[in-house]
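**Q** Attaching a predicted model along with its sequence, questions to come.
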Amino acid sequence: MSGFLYFVLPALGGYTLTSLYLLKNPHILHRKKRTAFDCKHISHRGGCGERLESTMEAFTHAVEQGTEMLELDCHLTHDGHVVVSHDENLLRQTGHDVTISSLDLQDLPLYKEKLEVTFYAGHYSSGEDRKFSLLEDVFRKFPDKPVSVEIKENNKQLIEKVSDLVRNYNREEITLWASVNSSIMKECQRTNSSMPYSFSMTRGLQLLLLFYSGLLPFVPLGESLLQFYLPRIFNRTFIPEQRILRNRLVVSLIEKVTMRRSLFKHLAARGIQVHLFVCNEDEDIKAALDVGATGVMSDYPSVLSRYLSRHRSED
């Protein structure tokens, strides 16, 4: 037994030291990714706290406030149009219990006059524009603005149409595939491998396992961006549907396991951006940046702009 430990302990110690060194110096094994965008200010659903979510008015307002990236979700209408909408079922947004896929574009109902902000319970947004926007309209109006497109359904036609729009508007370098579902993400990559893509939920869990096992510095990563919740917002500004996430101890554990500055610094050093969301108060924006986020996603683009401007002047 002592002979076994004689060989194992030095090997384990050497592995640990090597892993820690490469974690801090990833350029030794990996070439740094060079994406065409580097975004610190991201507007969630187009900045849905200040205008009705995902409308052209919201996107325009966010850009006017200085946002560097628009985050949005897409679905396909019955007649084949790519519509920007977080939900496929429109009950929450419009009061009508219908799905986008069952309706032609011209039959889509209007948004409600006032919507509760999902990640800021008890707060509401409104606006003059209540129409659903087309992804093509966003691309046409903001040709140089990076956009994160989240795909929520494994719909090959939807993915192909999004890819075609990206190609038609010459946006492959500044449009990001995003999905929590790994099978959807694989389909997105198969359809258009020229676009950068984010970590799915499964890949995010694999990332954590690699980090805690010490293997991360040795493993190549194809993703260009990690988007993740800032756990401290749970049960304070965002009330999750899942009962388990309403437990303080569970949320505290998630925060301790995921909010690792050394992990985020390693990813940033490899050219992989880290965007934490949804930060709607100054204290949350500060917490995200303090832990090593390279970008912050907010429902309130003007709040985020003021914070970043104020702290740039302080620096």
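**A** On my side now, so go ahead.

**Q** So what's the residue count around the closest residue to residue 59 other than its chain neighbours?
**A** In this structure, residue 59 finds its nearest non-sequential neighbour in residue 46, 4.4 Å apart by C-beta to C-beta, 6 or more residues apart in numbering. Yep, even glycine has a C-beta here, placed from its N, CA and C like the rest. Residue 46 is flanked by 28 other residues according to other C-beta atoms under 10 Å.

**Q** Kindly report the same for residue 42.
**A** Neighbour number of residue 42 under other C-beta under 10 Å is 27.

**Q** one step back: didn't the residue nearest to residue 59 look like it was pressed against residue 58?
**A** Yes - counting by C-beta atoms under 8 Å, residue 58 is a contact partner of residue 46 at 3.6 Å.

**Q** Can you show me the helices along the chain?
**A** For the chain, helices defined by DSSP state H occupy the ranges 2-24, 56-64, 91-94, 135-141, 156-168, 182-191, 201-213, 248-258, 261-269, 282-290, 301-314.

**Q** so of those helices, which one's packed in deepest?
**A** helix 56-64 (a mean of 22; mean count of other C-beta atoms under 10 Å).

**Q** so what secondary structure elements neighbour that one?
**A** strand 41-43, strand 69-76, helix 135-141 (3 or more C-beta pairs under 8 Å, 6 or more residues apart in numbering; DSSP states H and E).

**Q** export the longest one as CSV, just CAs?
**A** This means strand 69-76. Extracted C-alpha coordinates of strand 69-76, given in CSV (Å, rounded to 0.1, in the frame of the first residue of the first chain):
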residue,chain,number,x,y,z
MET,A,69,-26.0,42.9,-28.1
LEU,A,70,-29.7,42.1,-28.5
GLU,A,71,-30.9,38.9,-27.0
LEU,A,72,-34.1,37.3,-28.4
ASP,A,73,-36.0,34.1,-29.1
CYS,A,74,-37.7,32.9,-32.3
HIS,A,75,-40.7,30.8,-33.4
LEU,A,76,-42.2,29.9,-36.8
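
**Q** That one: how far from the chain's middle?
**A** Its chain's C-alpha centre and that of strand 69-76 lie 11 Å apart, by C-alpha atoms, centre = their mean, to the nearest Å.

**Q** Partner strands of it and their direction?
**A** strand 41-43 (parallel), strand 82-84 (antiparallel), strand 147-151 (parallel) (DSSP bridges).

**Q** Let's see the last one as PDB, backbone CA atoms only.
**A** Put plainly, it is strand 147-151. Extracted as PDB, the C-alpha positions of strand 147-151 are listed here (Å, rounded to 0.1, in the frame of the first residue of the first chain):
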ATOM      1  CA  VAL A 147     -27.700  39.300 -31.800                       C
ATOM      2  CA  SER A 148     -28.100  36.200 -29.700                       C
ATOM      3  CA  VAL A 149     -30.800  34.000 -31.200                       C
ATOM      4  CA  GLU A 150     -32.200  31.400 -28.800                       C
ATOM      5  CA  ILE A 151     -33.900  28.400 -30.400                       C
END
